[in-house]
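Asks: Okay, here's the prediction I keep looking at, along with the sequence it came from:
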Amino acid sequence: MAKNTVHLSSGRASFPWARYNRRPATVPPIPMTPPTHLDGARVLAWAWSDLPFGHVAAEDGAACIAIHGLAVCRYGDEARAYRFSCDAHWETLQDEVYASVDEARQQLPAQYRAVAATWKQA
């Protein structure tokens, strides 16, 4: 059987790398670009990872939700910057306010350091 064959007998796709829950090393991650605004705030900088930066607890007490997107945003002419922690669909799950954009990018909480954030300008 070929290495990348899809096995449909079980109703689920099966790939040699599926047990690791990530893509093979030869396939580069595809960053998911955020929308221009999140929760009404303009996105200034963002970071994306196929592997989660970390997790947050679900409000209903269910399983933790993976954080794949981080965004630094600003509301209107406000001087403060907000760091939004987002799921794989850029839905904001958590935010924190900072004095500046640089501070928001540099002061990630320990819970979001499972993968190093590579920031991109919006």
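Replies: That came through fine. Just so it is clear, the model here is predicted, and its values are computed rather than measured.
Asks: Which residues does the nearest residue to residue 39 once chain neighbours are set aside form beta bridges with?
Replies: In this structure, residue 39 finds its nearest non-sequential neighbour in residue 92, 5.2 Å apart by C-beta to C-beta, 6 or more residues apart in numbering. Placement of C-beta: from N, CA and C, glycine included. As for beta bridges, residue 92 partners with residue 86 under DSSP bridges.
Asks: Test my guess that residue 92 contacts residue 83.
Replies: No - judged on C-beta atoms under 8 Å, residue 92 makes no contact with residue 83 at a distance of 10.3 Å.
Asks: which of those two has more neighbours?
Replies: Neighbour tally, residue 92 and residue 83, criterion other C-beta atoms under 10 Å: the higher count belongs to residue 83, 22 against 16.
Asks: quick one on the thing from earlier: give me every residue that touches the residue nearest to residue 39.
Replies: Residues counted as contacts of residue 92 (C-beta atoms under 8 Å, 6 or more residues apart in numbering) are 38-39, 84-86.
Asks: Pick the one among the residues you listed closest to residue 71.
Replies: residue 84 (4.6 Å; C-beta to C-beta).
Asks: and that closest one, how many neighbours does it have?
Replies: Counted with other C-beta under 10 Å, residue 84 comes out at 24.
Asks: Now do the end-to-end distance for stretch 47-58.
Replies: Taking C-alpha to C-alpha, to the nearest Å, stretch 47-58 runs 22 Å from one end to the other.
Asks: same deal with stretch 54-70?
Replies: Stretch 54-70: ends 10 Å apart by C-alpha to C-alpha.
Asks: which of the contacts of residue 92 are buried?
Replies: 38, 84-86 (16 or more other C-beta atoms under 10 Å).
Asks: tell me the SS of the residue lying closest to residue 35 once chain neighbours are set aside?
Replies: Nearest residue to residue 35, sequence neighbours excluded (C-beta to C-beta, 6+ apart): residue 90, at 6.2 Å. Judged by DSSP: H, G, I helix; E, B strand; the rest coil, the three-state class of residue 90 is coil.
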